[in-house]
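Trainee: dropping the sequence and predicted coords here.
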Amino acid sequence: MKYFILLTLMLALGSCYKGKSVDLIIHNAKVHIMNDKLEIAEAIAIKDGEIVEVGPERQILNKYSAETTINAQSKDVFPGFHDAHGHIMSLAKQKLNVDLRDTRSYYEVISKLEKHQNKNNQEVLIGRGWDQSMWNEKELPNNDLLNEAFPTIPVALTRIDGHAMLVNKAMLGHVGITDTTIVDGGVIKLENGKLTGILLDHALDLVNFKLPKPNKEQLKKAILQIQDELLAAGITHVHEAGLYKEDLDIFIDLATENSLQIYVYAMLLPTKENIQFAKENAYYKNNRLSVRSFKVIADGALGSHGACLIEPYSDDSSTTGILLKSPEEIMDIFTLAKDLKYQVNTHCIGDSANRLVLNIIDTLMNDVQDHRWRIEHAQIVKPSDYKLFSSARVLPSVQPTHATSDQRWAAHHIGKERLNNGAYAYNSLHKHSGMILFGTDFPIEHYDPFATIHAAVQRKNSNDEPIEGFLKDEAVSLPTTLKAMTLWAAYGCFAESEVGTLEKGKIANISIFDQNVTSTEKFLPNYSWVTIVDGKIVHDMR
Ligand SMILES: [Zn+2]
């Protein structure tokens with residue numbers, strides 16, 4: 001009997017000494033919990049995909065045992081970053097076409113296209129990502145060089161912002177555009193009455209709808225490659241900013257097959273098919289894919305004079321830009337979304353578009369407690385309209401790297417006065433709304449979260465330009481930046497009770513970064529050392 005008691009006692013002590021069993025322990029870490037007090041812990045215990053406890057090193061190591069432990073070597077550990085505005089699908093399509101990002105001249109574009117065509121011999125050539133401001137050209141190009149190089153094969157080249165396209169004569173003929181074609185919400189640019197090959201905003205649809213479609217399997221493969229790249233950058237959540245139904249179906253396939261490792265919060269473009277989907281599904285959740293919002297595009301982009309401004313462009317007094325939907329159309333979509341209890345995230349670049357949409361939300365949504373409607377970009381806002389962000393309770397969702405990319409030419413388009421009063425004004429927007437969300441709009445910018453941190457805090461691009469920082473008064477602090485990429489971004493997609501902080505009960509989506517994040521002035525380069533989704537290691541550089 002004595003022996004039995006002793007044995008029981010030993011077993012009890014033994015199991016106690018071994019600790020409670022969990023799946024994963026991260027220790028010797030600088031764990032940024034990202035709660036209100038911005039507390040820092042040393043270790044985390046994880047079981048069944050959830051955080052069981054966060055605390056001091058000894059407390060966690062004494063209390064728990066796990067088959068897998070990660071000694072984080074004092075590295076910074078964060079909730080997996082969100083990109084609150086990105087386009088996985090566009091990047092996938094870009095990868096399947098001729099990638100023209102980083103081309104330094106029109107000639108380089110032509111030579112890239114020729115190389116691609118020599119290898120692939122396609123019937124139609126599609127390229128994406130050119131930006132004439134990178135060629136030291138302020139004005140949009142015409143198609144002369146393109147016609148010379150490709151007299152018979154139709155070519156369509158989408159600009160980096162997705163709001164302008166350069167096509168050759170063969171493509172104009174192929175889709176039936178003439179110098180008398182008129183398009184609602186779009187521009188077919190003429191020079192001395194002749195087609196230049198430049199199409200803006202809705203004029204792109206005339207071409208896009210007639211382009212050969214990439215096949216589904218190719219797209220899925222490209223998305224999974226992008227997923228690996230994003231996880232390696234420490235991004236575990238992407239707010240996918242605008243999908244057609246056929247593209248949503250690809251994400252649904254990936255989610256159903258359980259091959260989506262990254263969390264995708266998809267915004268639907270308000271097409272007939274998508275509205276039907278919203279009516280049938282209400283809030284849709286399938287593994288890591290969730291849908292409960294529309295993306296509405298109110299105006300175009302600044303670089304192609306499409307952003308809708310209150311006063312004319314400084315470099316072209318004949319235009320104030322393009323409002324892509326009438327106030328009535330916007331009102332109709334918003335009312336429908338309100339009935340469906342869907343969030344609406346509206347693309348507004350110019351101060352006129354921002355003012356219009358803020359005012360509509362302010363009146364339409366004042367009886368809805370917690371609508372969380374967002375404005376995407378909020379790039380140029382009249383300072384007198386800042387207060388609308390708080391009265392309408394609209395979340396600004398911005399891309400700090402847009403500021404540091406556009407600094408090369410923004411003053412040329414809108415002038416110094418507007419630039420210094422309400423352009424790329426992230427600090428002012430944050431102060432007025434109390435919360436701000438950060439993304440990159442990839443593939444327009446690189447998805448690298450550290451380029452975002454660098455741009456938000458230092459107001460410099462990846463080459464450290466400009467030296468003094470661009471509109472430095474609008475810089476935000478590092479803690480604000482990190483919240484905009486974690487907890488506030490999670491709030492912006494209704495996920496703050498599940499992710500966004502490293503607290504007990506939350507889903508274990510975690511990034512451990514290779515280089516120091518918080519006690520340095522130098523944010524670049526950096527990447528994820530280990531990325532964890534649902535408690536499982538999905539990227540490992542140890
Ligand atoms: Zn976008």
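Mentor: Arrived safely, thanks for sending. All values reported here derive from a predicted model rather than from experimental measurement.
Trainee: what sits against whatever residue of the stretch 151-300 of the chain ends up closest to the ion?
Mentor: Nearest residue of the stretch 151-300 of the chain to the ion: residue 241, at 4.4 Å (Cβ to the ion). Every C-beta, even on glycine, is put in place using the N, C-alpha and C of the backbone. Contacts for residue 241 were tallied using Cβ atoms under 8 Å, 6 or more residues apart in numbering; they are 85, 86, 87, 267, 295, 345, 347, 376, 439, 441.
Trainee: give me the subset of those touching the ion.
Mentor: With Cβ under 5 Å from the ion as the criterion, the contacts of residue 241 include residue 441 near the ion.
Trainee: next step: the contacts of residue 241 restricted to strands.
Mentor: 85, 86, 267, 295, 345, 347, 376 (DSSP state E).
Trainee: on that earlier part again, for the contacts of residue 241, which one is nearest residue 456?
Mentor: residue 439 (11.3 Å; Cβ to Cβ).
Trainee: wait, residue 511 touches residue 526, no?
Mentor: No. Here residue 511 does not reach residue 526: they are 10.4 Å apart, not a contact under Cβ atoms under 8 Å.
Trainee: neighbour count winner among these two?
Mentor: residue 511 (27 against 22; other Cβ atoms under 10 Å).
Trainee: for the more buried one, which non-adjacent residue is spatially closest?
Mentor: residue 234 (3.6 Å; Cβ to Cβ, 6 or more residues apart in numbering).
Trainee: same thing with residue 473?
Mentor: residue 427 (6.7 Å).
Trainee: if I look at that neighbour, how far off is residue 198?
Mentor: Computed as Cβ to Cβ, to the nearest Å, the residue 427 to residue 198 distance reads 35 Å.
Trainee: if you count what's nearby, which of those two comes out ahead?
Mentor: Set side by side, residue 427 and residue 198 show more neighbours around residue 198, with 22 against 19, by other Cβ under 10 Å.
Trainee: and that one, which of the three is it?
Mentor: At residue 198, secondary structure determined by DSSP: H, G, I helix; E, B strand; the rest coil is strand.
Trainee: for ChimeraX, what selects the buried ones among the ones in strands among the contacts of residue 241?
Mentor: Per 16 or more other Cβ atoms under 10 Å, the buried members of those correspond to this ChimeraX selection:
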select :85,86,267,295,345,347,376
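Trainee: which parts of the stretch 251-400 of the chain are helices?
Mentor: Assigned by DSSP state H, counting those that start in this stretch, the stretch 251-400 of the chain shows helices spanning 272-281, 327-340, 351-364, 386-391, 400-406.
Trainee: what is the mean pLDDT for the last one?
Mentor: Put plainly, it is helix 400-406. Taken as a whole, helix 400-406 has a mean pLDDT of 97.
Trainee: helices or strands up against it?
Mentor: helix 449-458 (3 or more Cβ pairs under 8 Å, 6 or more residues apart in numbering; DSSP states H and E).
Trainee: residues making contact with the helix it packs on?
Mentor: Residues contacting helix 449-458 (Cβ under 8 Å, 6+ apart): 81, 83, 233-235, 399-401, 403-404, 426, 438-440, 445, 460-462, 464, 469, 475-478, 480-482, 484-485, 517, 521, 523-527.
Trainee: where strands are concerned, which of those residues count?
Mentor: Per DSSP E, the contacts of helix 449-458 map to strands at 81, 83, 235, 438.
Trainee: between those, which is nearest the ion?
Mentor: Nearest to the ion among the ones in strands among the contacts of helix 449-458, with distances taken as Cβ to the ion, is residue 83, at 10.7 Å.
Trainee: quick check: that closest one touching residue 235?
Mentor: Yes. Using Cβ under 8 Å, residue 83 is in contact with residue 235, at 5.4 Å.
Trainee: between those two, who's got more neighbours?
Mentor: Between residue 83 and residue 235, counting by other Cβ under 10 Å, residue 83 is the more crowded of the two (30 against 27).
Trainee: OK, contacts around that one?
Mentor: Taking Cβ under 8 Å, 6+ apart, one finds 230, 235, 237, 238, 239, 439, 440, 442, 447, 449, 485 in contact with residue 83.
Trainee: returning to that earlier point: what is the most widely separated pair among the ones in strands among the contacts of residue 241?
Mentor: Longest span within these, Cβ to Cβ: 86 and 347, 13.5 Å.
Trainee: show me what stretch 477-486 is in contact with.
Mentor: Contacts of stretch 477-486 (Cβ under 8 Å, 6+ apart): 32, 34, 38, 78-79, 81-84, 400, 430, 436-438, 449, 452-453, 456-457, 476, 500-501, 518.
Trainee: buried residues in that stretch?
Mentor: So stretch 477-486, judged by 16+ other Cβ under 10 Å, has buried residues 478, 480, 481, 482, 483, 484, 485, 486.
Trainee: what does the stretch 401-542 of the chain put close to the ion?
Mentor: Near the ion, when you scan the stretch 401-542 of the chain using Cβ under 5 Å from the ion, you find residue 441.
Trainee: helices of the stretch 401-542 of the chain, start to end?
Mentor: 410-420, 426-433, 449-458, 478-484, 487-491.
Trainee: mind giving me a markdown table with the ones you listed and columns for mean pLDDT?
Mentor: Formatted as a markdown table, these follow (pLDDT from 0 to 100):
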| stretch | mean pLDDT |
| --- | --- |
| helix 410-420 | 97 |
| helix 426-433 | 98 |
| helix 449-458 | 98 |
| helix 478-484 | 98 |
| helix 487-491 | 98 |
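Trainee: picking that back up, mind giving me JSON lines with the helices of the stretch 251-400 of the chain and columns for mean neighbour count?
Mentor: Putting the helices of the stretch 251-400 of the chain into JSON lines (neighbours: other Cβ atoms under 10 Å) gives the following:
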{"stretch": "helix 272-281", "mean neighbour count": "14"}
{"stretch": "helix 327-340", "mean neighbour count": "15"}
{"stretch": "helix 351-364", "mean neighbour count": "22"}
{"stretch": "helix 386-391", "mean neighbour count": "18"}
{"stretch": "helix 400-406", "mean neighbour count": "25"}
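Trainee: nearest to residue 414 among those would be which one?
Mentor: helix 351-364 (9.0 Å).
Trainee: and the helix or strand hosting residue 22, what's buried?
Mentor: Assigned by DSSP states H and E, residue 22 belongs to strand 20-27. Neighbour counts over strand 20-27 (16+ other Cβ under 10 Å) mark 22, 23, 24, 25, 26, 27 as buried.
Trainee: fine by me, thanks again.
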